[in-house]
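Chemist: Here's my sequence, what's the structure:
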Amino acid sequence: MAVQQIGNGGMNLASDRLVMVVDDDRSQCDVLAAFFKERGIACVTETNSFVAVSTMKKRHPRVALMDIRMPGLDGIAVAKLASTMRPRPVILLMSGEGQAIVEANRAGIEVFAVLEKPLPLRHLGTFIQRAIDRAAGPT
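Modeler: Numbering: from 1, shown residues only. Reported below is the predicted structural model:
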């Protein structure tokens, strides 16, 4: 597990603005973690979906950005488990496979968005901030 937390004048970013990235592609996790760090957003990454579920229970991320296609539990299964957690993270799913995106949209789970890889980083910051803002509301 890689954790990158940024100080913010006493604000507890670990609980207030923590974003979790779950992707079996380590390089994708590293790129996204660096992207969030540059924007002052705390980020934790996991490459194993089973470990990710455990980390979610312990760390309570505001937002979880997850790949759909992963070994073990796929992103849809992790999203279903995350939807039962309190506080419930805002879920964003991502995939480079069109069929996986269709499956995620048909899964009947509450997600903030299903995104196509490669993610357009120039828009991701605004998108994640909206998800964080949504997470700040009632869960």
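
Chemist: pull the helix or strand with minimum mean pLDDT from this structure.
Modeler: strand 2-4 (a mean of 42; mean pLDDT, DSSP states H and E).

Chemist: where along the protein do the helices fall?
Modeler: Ranges of helices in the chain, per DSSP state H, are 13-16, 26-38, 49-59, 75-82, 98-106, 121-135.

Chemist: who's in contact with the third one?
Modeler: Surrounding helix 49-59, the residues in contact under the criterion CB atoms under 8 Å, 6 or more residues apart in numbering are 1, 14, 18, 20, 22, 24, 44, 46, 64, 66, 70-75, 77-78, 81-82, 85, 89. For every residue, glycine as well, the C-beta is placed using N, CA and C.

Chemist: With the second one instead?
Modeler: Residues lying outside helix 26-38 but in contact with it, judged by CB under 8 Å, 6+ apart, are 2, 4, 6, 19, 21, 23, 42-43, 45-47, 65, 67, 117, 119, 121, 124-125, 128.

Chemist: orientation of it relative to helix 121-135 in degrees?
Modeler: Relative orientation of helix 26-38 versus helix 121-135 (axes from the mean of the first three to the mean of the last three CA atoms, to 10 degrees): 70 degrees.

Chemist: Any buried residues in helix 26-38, and which?
Modeler: 28-29, 31-33, 35-36 (16 or more other CB atoms under 10 Å).
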